[in-house]
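Asks: Sequence unavailable; structure follows:
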Ligand code: GCU
Ligand code: CA
(Lines give C-alpha, C1' and ligand atoms only; values in the text may rest on other atoms or scores of the structure.)
(Ligands and ions follow the chains in the order given, each with its own letter.)
Protein backbone atom coordinates (compact mmCIF):
# COMPACT_ATOMS: atom_id res chain seq x y z
CA UNK A 1 0.00 0.00 0.00
CA UNK A 2 1.35 3.42 -0.61
CA UNK A 3 1.38 6.91 0.80
CA UNK A 4 -1.53 9.20 0.11
CA UNK A 5 -3.98 6.37 -0.22
CA UNK A 6 -5.73 7.19 3.04
CA UNK A 7 -6.37 10.74 1.92
CA UNK A 8 -8.69 9.49 -0.79
CA UNK A 9 -11.72 8.17 1.01
CA UNK A 10 -13.89 8.03 -2.08
CA UNK A 11 -16.42 5.23 -1.84
CA UNK A 12 -15.55 2.54 -4.31
CA UNK A 13 -18.19 2.78 -6.96
CA UNK A 14 -20.59 0.83 -6.71
CA UNK A 15 -6.68 -19.25 5.34
CA UNK A 16 -4.79 -26.03 8.91
CA UNK A 17 -1.09 -26.07 8.73
CA UNK A 18 0.52 -28.33 6.21
CA UNK A 19 2.77 -30.52 8.29
CA UNK A 20 6.15 -30.15 6.70
CA UNK A 21 8.45 -32.92 7.79
CA UNK A 22 12.18 -32.54 7.82
CA UNK A 23 13.26 -34.40 4.71
CA UNK A 24 16.90 -35.47 4.64
CA UNK A 25 18.68 -33.33 2.14
CA UNK A 26 15.74 -31.04 1.60
CA UNK A 27 16.37 -28.70 4.46
CA UNK A 28 19.47 -29.24 6.46
CA UNK A 29 18.76 -26.82 9.24
CA UNK A 30 16.91 -29.28 11.42
CA UNK A 31 17.08 -32.56 9.63
CA UNK A 32 17.75 -36.22 10.23
CA UNK A 33 20.02 -38.17 7.94
CA UNK A 34 19.62 -41.94 8.39
CA UNK A 35 22.78 -44.04 8.18
CA UNK A 36 21.02 -46.48 5.86
CA UNK A 37 20.85 -43.64 3.31
CA UNK A 38 24.50 -42.69 3.80
CA UNK A 39 27.64 -44.38 2.47
CA UNK A 40 28.27 -47.20 4.97
CA UNK A 41 31.60 -49.03 4.87
CA UNK A 42 29.95 -52.20 6.17
CA UNK A 43 26.39 -53.53 6.36
CA UNK A 44 23.01 -51.99 7.13
CA UNK A 45 21.74 -54.13 9.97
CA UNK A 46 18.47 -54.21 11.88
CA UNK A 47 19.16 -56.97 14.37
CA UNK A 48 18.91 -54.82 17.53
CA UNK A 49 16.08 -52.71 18.96
CA UNK A 50 15.84 -48.97 19.34
CA UNK A 51 17.10 -47.74 15.98
CA UNK A 52 15.34 -45.22 13.77
CA UNK A 53 14.37 -45.78 10.13
CA UNK A 54 15.21 -49.08 8.45
CA UNK A 55 18.45 -49.95 10.20
CA UNK A 56 21.89 -48.80 11.28
CA UNK A 57 25.38 -48.88 9.84
CA UNK A 58 27.58 -51.68 11.20
CA UNK A 59 31.03 -50.97 9.86
CA UNK A 60 33.80 -53.46 9.45
CA UNK A 61 36.02 -53.84 12.52
CA UNK A 62 39.12 -52.05 11.32
CA UNK A 63 40.89 -48.73 11.41
CA UNK A 64 39.56 -46.38 8.76
CA UNK A 65 36.10 -48.00 8.55
CA UNK A 66 33.67 -45.15 7.87
CA UNK A 67 30.17 -43.85 7.39
CA UNK A 68 29.75 -40.74 5.26
CA UNK A 69 26.70 -38.45 5.11
CA UNK A 70 25.96 -35.68 2.63
CA UNK A 71 24.12 -32.79 4.27
CA UNK A 72 22.88 -29.58 2.71
CA UNK A 73 23.20 -26.15 4.16
CA UNK A 74 21.34 -23.01 3.09
CA UNK A 75 24.27 -20.83 4.07
CA UNK A 76 27.77 -21.10 5.50
CA UNK A 77 27.72 -21.53 9.26
CA UNK A 78 27.93 -24.03 12.06
CA UNK A 79 25.93 -27.21 12.44
CA UNK A 80 25.54 -29.06 15.69
CA UNK A 81 25.63 -32.75 14.81
CA UNK A 82 23.82 -35.29 16.95
CA UNK A 83 25.21 -38.74 16.10
CA UNK A 84 23.13 -41.61 17.47
CA UNK A 85 25.20 -44.70 18.13
CA UNK A 86 25.37 -47.98 20.07
CA UNK A 87 28.57 -49.48 21.35
CA UNK A 88 28.01 -52.85 23.05
CA UNK A 89 31.72 -53.48 23.38
CA UNK A 90 33.66 -52.66 26.52
CA UNK A 91 35.94 -50.01 24.99
CA UNK A 92 35.40 -46.67 23.26
CA UNK A 93 35.21 -46.73 19.47
CA UNK A 94 36.89 -43.38 18.66
CA UNK A 95 36.46 -41.76 15.26
CA UNK A 96 37.83 -38.81 13.34
CA UNK A 97 35.16 -36.51 11.97
CA UNK A 98 35.90 -34.69 8.73
CA UNK A 99 33.84 -32.16 6.84
CA UNK A 100 34.42 -31.89 3.10
CA UNK A 101 37.62 -33.89 3.46
CA UNK A 102 39.13 -31.72 6.18
CA UNK A 103 39.54 -33.05 9.70
CA UNK A 104 37.08 -31.17 11.92
CA UNK A 105 37.33 -33.23 15.15
CA UNK A 106 39.79 -35.98 15.96
CA UNK A 107 38.99 -38.86 18.26
CA UNK A 108 35.30 -38.37 19.03
CA UNK A 109 35.04 -41.03 21.75
CA UNK A 110 31.79 -43.06 21.23
CA UNK A 111 32.00 -44.58 24.70
CA UNK A 112 30.38 -47.95 25.50
CA UNK A 113 26.57 -47.82 25.80
CA UNK A 114 26.15 -51.06 27.78
CA UNK A 115 24.73 -53.19 24.98
CA UNK A 116 24.14 -53.09 21.23
CA UNK A 117 20.50 -52.29 22.07
CA UNK A 118 21.54 -49.27 24.11
CA UNK A 119 21.81 -46.04 22.11
CA UNK A 120 23.37 -42.68 22.93
CA UNK A 121 23.88 -39.42 21.05
CA UNK A 122 27.27 -37.77 20.61
CA UNK A 123 27.09 -34.02 19.94
CA UNK A 124 29.73 -32.21 17.91
CA UNK A 125 29.70 -28.76 16.26
CA UNK A 126 31.31 -28.38 12.87
CA UNK A 127 31.62 -25.66 10.24
CA UNK A 128 29.65 -26.11 7.01
CA UNK A 129 29.68 -24.34 3.68
CA UNK A 130 26.67 -23.36 1.54
CA UNK A 131 25.29 -26.28 -0.47
CA UNK A 132 26.36 -29.93 -0.13
CA UNK A 133 28.74 -30.98 2.64
CA UNK A 134 30.22 -34.44 3.23
CA UNK A 135 30.45 -35.44 6.87
CA UNK A 136 32.58 -38.51 7.44
CA UNK A 137 33.24 -40.54 10.57
CA UNK A 138 36.31 -42.78 10.25
CA UNK A 139 37.40 -45.25 12.92
CA UNK A 140 40.81 -44.63 14.48
CA UNK A 141 41.08 -48.05 16.14
CA UNK A 142 40.88 -51.65 14.95
CA UNK A 143 37.39 -52.10 16.45
CA UNK A 144 35.88 -49.94 13.70
CA UNK A 145 33.01 -47.57 14.40
CA UNK A 146 30.25 -47.98 16.91
CA UNK A 147 26.98 -48.92 15.21
CA UNK A 148 25.66 -45.64 13.76
CA UNK A 149 21.91 -45.04 13.52
CA UNK A 150 21.60 -41.48 12.21
CA UNK A 151 22.95 -37.95 12.06
CA UNK A 152 20.78 -35.05 13.22
CA UNK A 153 21.89 -31.61 12.09
CA UNK A 154 20.74 -28.36 13.66
CA UNK A 155 22.00 -25.01 12.58
CA UNK A 156 23.69 -23.06 15.35
CA UNK A 157 22.52 -19.48 14.74
CA UNK A 158 22.50 -18.05 11.22
CA UNK A 159 19.76 -18.75 8.74
CA UNK A 160 18.32 -21.60 6.77
CA UNK A 161 18.25 -19.26 3.77
CA UNK A 162 21.23 -18.30 1.66
CA UNK A 163 22.71 -14.97 2.70
CA UNK A 164 22.28 -13.75 -0.86
CA UNK A 165 19.25 -14.52 -3.03
CA UNK A 166 18.61 -14.72 -6.76
CA UNK A 167 15.22 -14.81 -8.47
CA UNK A 168 13.61 -15.08 -11.85
CA UNK A 169 10.33 -13.32 -12.61
CA UNK A 170 7.32 -13.96 -14.76
CA UNK A 171 5.84 -11.12 -16.78
CA UNK A 172 2.69 -9.50 -15.41
CA UNK A 173 0.12 -12.19 -14.52
CA UNK A 174 -2.79 -10.33 -12.93
CA UNK A 175 -4.34 -7.24 -14.51
CA UNK A 176 -7.02 -4.70 -13.64
CA UNK A 177 -10.53 -5.62 -14.80
CA UNK A 178 -13.57 -3.39 -14.71
CA UNK A 179 -17.30 -3.89 -14.70
CA UNK A 180 -20.29 -1.56 -14.99
CA UNK A 181 -19.68 -0.08 -11.56
CA UNK A 182 -15.92 -0.50 -11.05
CA UNK A 183 -13.47 1.33 -13.31
CA UNK A 184 -10.23 -0.28 -12.18
CA UNK A 185 -6.80 1.06 -13.10
CA UNK A 186 -4.55 -1.10 -10.91
CA UNK A 187 -4.30 -4.30 -8.86
CA UNK A 188 -2.02 -4.21 -5.83
CA UNK A 189 -1.01 -5.58 -2.45
CA UNK A 190 -1.70 -9.29 -3.07
CA UNK A 191 -2.34 -11.86 -0.35
CA UNK A 192 -2.42 -15.48 -1.44
CA UNK A 193 -3.12 -18.98 -0.14
CA UNK A 194 -3.15 -22.27 -1.99
CA UNK A 195 -6.12 -24.33 -0.85
CA UNK A 196 -8.12 -27.20 -2.34
CA UNK A 197 -6.01 -27.16 -5.47
CA UNK A 198 -6.51 -23.48 -6.21
CA UNK A 199 -4.70 -20.22 -5.59
CA UNK A 200 -6.94 -17.73 -3.80
CA UNK A 201 -5.66 -14.20 -4.25
CA UNK A 202 -6.92 -11.05 -2.52
CA UNK A 203 -5.85 -7.67 -3.85
CA UNK A 204 -6.37 -3.95 -3.46
CA UNK A 205 -8.00 -2.44 -6.52
CA UNK A 206 -7.75 1.24 -7.37
CA UNK A 207 -10.43 2.99 -9.39
CA UNK A 208 -9.96 5.78 -11.88
CA UNK A 209 -11.38 8.13 -9.22
CA UNK A 210 -8.51 6.98 -6.93
CA UNK A 211 -10.80 5.05 -4.58
CA UNK A 212 -9.42 1.87 -2.98
CA UNK A 213 -11.32 -1.37 -2.51
CA UNK A 214 -10.70 -5.11 -2.27
CA UNK A 215 -11.11 -7.85 -4.85
CA UNK A 216 -10.65 -11.61 -5.06
CA UNK A 217 -9.63 -13.98 -7.82
CA UNK A 218 -8.99 -17.71 -7.92
CA UNK A 219 -7.35 -20.09 -10.36
CA UNK A 220 -5.65 -23.47 -10.43
CA UNK A 221 -2.51 -22.45 -12.25
CA UNK A 222 -0.56 -19.21 -12.70
CA UNK A 223 -1.08 -19.48 -16.45
CA UNK A 224 -4.79 -18.91 -15.78
CA UNK A 225 -4.35 -15.96 -13.44
CA UNK A 226 -4.75 -13.44 -16.26
CA UNK A 227 -8.15 -14.75 -17.32
CA UNK A 228 -9.57 -15.24 -13.80
CA UNK A 229 -12.42 -12.81 -13.11
CA UNK A 230 -12.06 -10.17 -10.38
CA UNK A 231 -14.77 -10.38 -7.72
CA UNK A 232 -15.24 -7.05 -5.98
CA UNK A 233 -15.62 -7.51 -2.24
CA UNK A 234 -17.80 -4.43 -1.83
CA UNK A 235 -20.54 -6.85 -2.89
CA UNK A 236 -20.07 -8.73 0.39
CA UNK A 237 -20.85 -7.36 3.85
CA UNK A 238 -17.39 -5.77 3.71
CA UNK A 239 -19.22 -3.00 1.84
CA UNK A 240 -17.97 0.09 0.05
CA UNK A 241 -15.57 2.75 1.25
CA UNK A 242 -11.80 2.78 1.58
CA UNK A 243 -10.33 -0.70 2.11
CA UNK A 244 -6.84 -1.80 1.14
CA UNK A 245 -3.87 -4.11 1.70
CA UNK A 246 -5.63 -7.39 2.48
CA UNK A 247 -4.10 -10.34 4.29
CA UNK A 248 -5.81 -13.75 4.26
CA UNK A 249 -5.22 -16.78 6.49
CA UNK A 250 -7.09 -19.67 8.05
CA UNK A 251 -7.34 -19.29 11.80
CA UNK A 252 -7.30 -22.97 12.71
CA UNK A 253 -8.40 -22.64 16.37
CA UNK A 254 -11.73 -21.16 15.18
CA UNK A 255 -11.89 -23.00 11.87
CA UNK A 256 -12.53 -19.71 10.07
CA UNK A 257 -10.85 -17.73 7.35
CA UNK A 258 -9.78 -14.21 8.26
CA UNK A 259 -9.26 -11.29 5.93
CA UNK A 260 -7.58 -8.30 7.55
CA UNK A 261 -7.20 -4.94 5.80
CA UNK A 262 -6.64 -1.29 6.49
CA UNK A 263 -9.66 0.99 6.63
CA UNK A 264 -7.98 4.40 6.90
CA UNK A 265 -6.92 5.10 10.45
CA UNK A 266 -7.47 1.54 11.67
CA UNK A 267 -7.19 -2.13 10.77
CA UNK A 268 -10.27 -4.34 10.44
CA UNK A 269 -11.14 -7.95 9.80
CA UNK A 270 -13.86 -9.99 8.17
CA UNK A 271 -14.33 -13.74 8.39
CA UNK A 272 -15.88 -16.53 6.38
CA UNK A 273 -16.26 -20.29 6.52
CA UNK A 274 -15.99 -20.50 2.72
CA UNK A 275 -12.87 -19.02 1.20
CA UNK A 276 -14.10 -19.64 -2.34
CA UNK A 277 -17.24 -17.51 -1.93
CA UNK A 278 -16.30 -13.82 -2.21
CA UNK A 279 -19.80 -12.72 -1.20
CA UNK A 280 -19.59 -14.55 2.13
CA UNK A 281 -17.27 -12.24 4.07
CA UNK A 282 -18.66 -10.68 7.25
CA UNK A 283 -18.91 -6.94 7.91
CA UNK A 284 -15.67 -5.18 8.94
CA UNK A 285 -14.77 -5.17 12.63
CA UNK A 286 -11.91 -2.89 13.68
CA UNK A 287 -9.11 -4.37 15.79
CA UNK A 288 -8.58 -1.11 17.69
CA UNK A 289 -10.91 1.51 19.16
CA UNK A 290 -8.71 4.15 17.56
CA UNK A 291 -5.26 4.66 16.11
CA UNK A 292 -2.94 3.81 19.05
CA UNK A 293 -1.18 6.73 20.71
CA UNK A 294 2.32 5.41 19.97
CA UNK A 295 1.49 5.45 16.27
CA UNK A 296 0.07 8.96 16.43
CA UNK A 297 3.20 10.05 18.28
CA UNK A 298 5.60 8.56 15.74
CA UNK A 299 3.96 8.51 12.31
CA UNK A 300 4.83 12.11 11.48
CA UNK A 301 3.55 12.80 7.98
CA UNK A 302 3.05 9.09 7.30
CA UNK A 303 0.07 6.85 7.84
CA UNK A 304 -0.60 3.64 9.74
CA UNK A 305 -0.81 0.79 7.26
CA UNK A 306 0.08 -2.68 5.94
CA UNK A 307 -1.09 -4.86 8.81
CA UNK A 308 0.35 -8.34 9.09
CA UNK A 309 -0.84 -11.02 11.50
CA UNK A 310 1.25 -14.11 12.27
CA UNK A 311 0.91 -16.54 15.18
CA UNK A 312 3.02 -19.15 16.92
CA UNK A 313 1.61 -21.85 19.20
CA UNK A 314 0.64 -19.41 21.94
CA UNK A 315 0.53 -15.84 20.62
CA UNK A 316 -0.53 -13.77 17.63
CA UNK A 317 1.49 -10.76 16.53
CA UNK A 318 0.40 -7.89 14.33
CA UNK A 319 3.13 -6.04 12.50
CA UNK A 320 2.44 -2.72 10.80
CA UNK A 321 4.25 0.27 9.32
CA UNK A 322 3.78 4.04 9.18
CA UNK A 323 5.75 5.19 6.12
CA UNK A 324 7.83 7.10 8.65
CA UNK A 325 10.59 4.61 9.40
CA UNK A 326 8.79 2.62 12.10
CA UNK A 327 7.89 -1.06 12.15
CA UNK A 328 5.33 -1.73 14.88
CA UNK A 329 4.41 -4.99 16.60
CA UNK A 330 1.37 -5.69 18.78
CA UNK A 331 0.42 -8.96 20.38
CA UNK A 332 -2.45 -10.99 21.78
CA UNK A 333 -2.86 -14.59 22.85
CA UNK A 334 -3.93 -17.25 20.38
CA UNK A 335 -6.93 -17.89 22.63
CA UNK A 336 -8.07 -14.25 22.58
CA UNK A 337 -7.46 -13.54 18.87
CA UNK A 338 -8.87 -11.41 17.21
CA UNK A 339 -9.39 -9.53 20.48
CA UNK A 340 -6.93 -8.26 23.04
CA UNK A 341 -4.19 -6.81 20.86
CA UNK A 342 -1.79 -4.75 22.95
CA UNK A 343 -0.69 -1.21 22.21
CA UNK A 344 1.97 -1.63 19.52
CA UNK A 345 5.65 -1.28 20.31
CA UNK A 346 8.26 -0.07 17.83
CA UNK A 347 9.99 -3.27 16.69
CA UNK A 348 12.43 -1.54 14.34
CA UNK A 349 13.19 2.03 13.34
CA UNK A 350 15.24 3.69 10.65
CA UNK A 351 15.85 7.45 10.57
CA UNK A 352 15.58 7.26 6.77
CA UNK A 353 11.87 6.56 6.44
CA UNK A 354 12.25 5.34 2.86
CA UNK A 355 14.66 2.66 4.04
CA UNK A 356 12.11 1.02 6.39
CA UNK A 357 8.97 2.03 4.59
CA UNK A 358 6.03 -0.39 4.54
CA UNK A 359 4.71 -3.76 3.33
CA UNK A 360 6.16 -5.89 6.17
CA UNK A 361 5.83 -9.71 5.98
CA UNK A 362 6.73 -12.23 8.70
CA UNK A 363 6.79 -15.99 8.05
CA UNK A 364 7.72 -19.16 9.85
CA UNK A 365 10.29 -21.16 7.89
CA UNK A 366 9.30 -24.83 7.77
CA UNK A 367 11.76 -27.30 9.25
CA UNK A 368 13.85 -24.58 10.86
CA UNK A 369 13.51 -22.83 14.17
CA UNK A 370 13.40 -19.57 12.31
CA UNK A 371 11.19 -16.64 11.27
CA UNK A 372 11.74 -14.38 8.27
CA UNK A 373 10.90 -10.66 8.24
CA UNK A 374 10.74 -8.68 5.00
CA UNK A 375 10.14 -4.92 4.76
CA UNK A 376 9.73 -2.82 1.62
CA UNK A 377 12.08 0.11 1.02
CA UNK A 378 12.26 2.88 -1.58
CA UNK A 379 15.51 3.31 -3.50
CA UNK A 380 16.46 5.43 -6.49
CA UNK A 381 16.31 2.26 -8.59
CA UNK A 382 12.80 1.33 -7.44
CA UNK A 383 11.02 -0.49 -4.64
CA UNK A 384 12.95 -3.36 -3.01
CA UNK A 385 12.51 -5.79 -0.14
CA UNK A 386 14.99 -6.05 2.73
CA UNK A 387 15.08 -9.10 5.05
CA UNK A 388 15.97 -10.28 8.54
CA UNK A 389 15.62 -13.53 10.46
CA UNK A 390 15.02 -14.47 14.07
CA UNK A 391 14.55 -17.60 16.15
CA UNK A 392 11.51 -15.84 17.66
CA UNK A 393 8.34 -14.57 16.01
CA UNK A 394 8.80 -11.28 17.85
CA UNK A 395 12.50 -10.76 17.06
CA UNK A 396 15.10 -9.48 17.70
CA UNK A 397 15.85 -9.48 13.99
CA UNK A 398 19.25 -10.27 12.51
CA UNK A 399 20.02 -8.96 8.99
CA UNK A 400 19.84 -11.58 6.25
CA UNK A 401 19.89 -9.67 2.96
CA UNK A 402 19.07 -6.10 3.91
CA UNK A 403 21.26 -3.78 1.84
CA UNK A 404 20.96 -2.11 -1.57
CA UNK A 405 23.90 -4.22 -2.75
CA UNK A 406 22.44 -7.43 -1.30
CA UNK A 407 18.66 -7.04 -1.12
CA UNK A 408 16.11 -9.78 -0.46
CA UNK A 409 14.39 -8.98 -3.77
CA UNK A 410 15.00 -6.04 -6.09
CA UNK A 411 15.44 -5.31 -9.78
CA UNK A 412 19.16 -6.03 -9.25
CA UNK A 413 18.77 -9.69 -8.18
CA UNK A 414 15.83 -10.62 -10.43
CA UNK A 415 16.17 -11.84 -13.99
CA UNK A 416 13.33 -11.41 -16.47
CA UNK A 417 12.67 -13.44 -19.61
CA UNK A 418 13.48 -10.42 -21.76
CA UNK A 419 13.19 -6.72 -21.02
CA UNK A 420 12.23 -6.17 -17.40
CA UNK A 421 8.56 -5.14 -17.23
CA UNK A 422 9.13 -3.48 -13.85
CA UNK A 423 11.91 -1.86 -11.84
CA UNK A 424 9.86 -2.19 -8.66
CA UNK A 425 9.60 -5.31 -6.56
CA UNK A 426 6.88 -3.91 -4.36
CA UNK A 427 4.18 -4.98 -1.87
CA UNK A 428 3.64 -8.75 -2.03
CA UNK A 429 3.65 -12.10 -0.31
CA UNK A 430 5.55 -15.35 -0.36
CA UNK A 431 3.60 -18.43 -1.40
CA UNK A 432 2.92 -20.36 1.80
CA UNK A 433 3.21 -24.12 2.19
CA UNK A 434 0.18 -24.13 4.49
CA UNK A 435 -2.92 -22.02 5.00
CA UNK A 436 -3.04 -21.35 8.71
CA UNK A 437 -2.16 -18.50 11.07
CA UNK A 438 1.48 -19.65 11.37
CA UNK A 439 2.15 -18.39 7.83
CA UNK A 440 4.59 -21.19 7.14
CA UNK A 441 6.70 -21.12 4.01
CA UNK A 442 9.03 -23.82 2.72
CA UNK A 443 12.53 -22.32 2.63
CA UNK A 444 13.31 -24.70 -0.23
CA UNK A 445 10.46 -23.30 -2.33
CA UNK A 446 10.54 -19.50 -2.17
CA UNK A 447 8.11 -17.82 -4.53
CA UNK A 448 7.05 -14.21 -4.14
CA UNK A 449 3.87 -12.70 -5.61
CA UNK A 450 4.57 -8.97 -5.94
CA UNK A 451 3.35 -5.78 -7.54
CA UNK A 452 5.34 -4.14 -10.31
CA UNK A 453 4.67 -1.49 -12.92
CA UNK A 454 5.84 -0.16 -16.26
CA UNK A 455 9.14 1.68 -15.57
CA UNK A 456 7.95 4.53 -17.81
CA UNK A 457 4.68 5.09 -15.99
CA UNK A 458 4.24 8.40 -14.22
CA UNK A 459 1.46 10.48 -12.73
CA UNK A 460 -0.29 10.43 -9.35
CA UNK A 461 0.77 7.57 -7.07
CA UNK A 462 -2.79 6.26 -6.80
CA UNK A 463 -3.12 5.93 -10.57
CA UNK A 464 0.14 4.08 -11.22
CA UNK A 465 -0.55 0.95 -13.31
CA UNK A 466 0.36 -1.80 -10.83
CA UNK A 467 0.17 -5.43 -12.00
CA UNK A 468 1.14 -8.67 -10.25
CA UNK A 469 4.09 -10.89 -11.12
CA UNK A 470 5.68 -13.95 -9.53
CA UNK A 471 9.31 -14.40 -8.49
CA UNK A 472 10.87 -17.85 -8.05
CA UNK A 473 14.15 -18.23 -6.18
CA UNK A 474 16.82 -19.58 -8.52
CA UNK A 475 19.65 -20.18 -6.04
CA UNK A 476 17.95 -22.44 -3.52
CA UNK A 477 20.60 -24.79 -2.09
CA UNK A 478 18.02 -27.46 -1.31
C1 LIG B 1 28.67 -57.46 17.06
C2 LIG B 1 27.37 -56.73 16.84
C3 LIG B 1 27.49 -55.73 15.72
C4 LIG B 1 28.66 -54.82 15.97
C5 LIG B 1 29.90 -55.65 16.13
C6 LIG B 1 31.14 -54.78 16.41
O7 LIG B 1 28.94 -58.29 15.95
O8 LIG B 1 26.33 -57.66 16.55
O9 LIG B 1 26.30 -55.01 15.58
O10 LIG B 1 28.83 -53.91 14.92
O11 LIG B 1 29.73 -56.53 17.20
O12 LIG B 1 31.84 -55.10 17.38
O13 LIG B 1 31.41 -53.86 15.65
CA1 CA C 1 30.86 -53.36 13.50
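Replies: Great, that's in hand. Fair warning: this is a prediction, and the values are worked out from it, not measured in the lab. Ligands and ions are numbered 1, 2, ... in the order given.

Asks: what's around the residue in the stretch 201-350 of the chain that ligand 2 sits nearest to, how many residues?
Replies: The stretch 201-350 of the chain approaches ligand 2 most closely through residue 313 (42.1 Å), counting by C-beta to the ion. Using the backbone N, CA and C atoms, a C-beta is placed for each residue, glycine as well. Counted with other C-beta atoms under 10 Å, the burial measure for residue 313 works out to 7 neighbours.

Asks: Next, work out how far apart it and residue 346 are.
Replies: Note on residue 313: its distance to residue 346, by C-beta to C-beta, to the nearest Å, is 25 Å.

Asks: Same check on residue 240?
Replies: When residue 240 is compared with residue 346 (using C-beta to C-beta), they lie 34 Å apart.

Asks: Look at these two and report which has more neighbours.
Replies: Between residue 240 and residue 346, residue 240 has the larger neighbour count (other C-beta under 10 Å), namely 17 against 14.

Asks: So which residues on this protein come close to ligand 1?
Replies: For the chain, the residues found near ligand 1 under the criterion C-beta under 6 Å from any ligand atom are 45, 58, 61, 89, 116, 144, 147.

Asks: tell me which of the residues you listed is nearest to ligand 1?
Replies: Each of the residues of the chain next to ligand 1 was checked against ligand 1 using C-beta to the nearest ligand atom; the closest is residue 58, at 3.9 Å.

Asks: Can you give the contact residues for the helix or strand where that closest one lies?
Replies: Element membership of residue 58, judged by DSSP states H and E, is strand 56-59. For strand 56-59, the external contacting residues (C-beta atoms under 8 Å, 6 or more residues apart in numbering) are 35-36, 38, 40-46, 48, 65-67, 86, 139, 144-145, 147-149.

Asks: Please list the members of these that lie in helices.
Replies: Filtering the contacts of strand 56-59 for membership in helices, criterion DSSP state H, returns an empty set.

Asks: which of the residues you listed are close to ligand 2?
Replies: Subset of the contacts of strand 56-59 in contact with ligand 2: residue 144, counting by C-beta under 5 Å from the ion.

Asks: picking up where we left off before, please produce TSV containing the residues of the chain next to ligand 1, extended by pLDDT and neighbour count.
Replies: Compiled in TSV, the residues of the chain next to ligand 1 are given as follows (pLDDT from 0 to 100; neighbours: other C-beta atoms under 10 Å):
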residue	pLDDT	neighbour count
45	98	15
58	98	25
61	97	15
89	97	16
116	97	19
144	98	22
147	98	27
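
Asks: Looking at strand pairing, list the partners for whichever residue of the stretch 151-300 of the chain sits closest to ligand 1.
Replies: Closest approach between the stretch 151-300 of the chain and ligand 1, counting by C-beta to the nearest ligand atom: residue 151, at 17.4 Å. Bridge pairing for residue 151 (DSSP bridges) gives the partners residue 33, residue 83.

Asks: Now for it: which residues touch it?
Replies: Shown here is residue 151, whose contacts under the criterion C-beta under 8 Å, 6+ apart are 32, 33, 35, 38, 69, 71, 81, 82, 83, 84, 135.

Asks: pLDDT at whichever residue of the stretch 251-400 of the chain sits closest to ligand 1, what is it?
Replies: Taking C-beta to the nearest ligand atom, ligand 1 has its nearest neighbour within the stretch 251-400 of the chain at residue 367, 31.5 Å off. Per-residue confidence (pLDDT) for residue 367: 86.

Asks: now swap in residue 5 and tell me
Replies: In this model, residue 5 is scored at 44, pLDDT.

Asks: Strand partners (parallel or antiparallel) of the strand ranked longest in the chain?
Replies: The single longest strand within the chain, with elements called by DSSP state E, is strand 184-195. With DSSP bridges as the test, strand 184-195 is paired with strand 198-207 (antiparallel).

Asks: so how far is the partner strand off the chain centroid?
Replies: Taking C-alpha atoms, centre = their mean, to the nearest Å, one finds strand 198-207 lying 20 Å from the centre of the chain it belongs to.

Asks: List the buried residues of the next helix or strand after it.
Replies: Elements were assigned by DSSP H and E; along the chain past strand 198-207, the next helix or strand is strand 212-219. Along strand 212-219, the positions that meet the burial threshold by neighbour count (16 or more other C-beta atoms under 10 Å) are 212, 213, 214, 215, 216, 217, 218, 219.

Asks: In the sheet, which residues pair with the fourth one? Tell me.
Replies: For residue 215, the beta-bridge partners under DSSP bridges are residue 203, residue 232.
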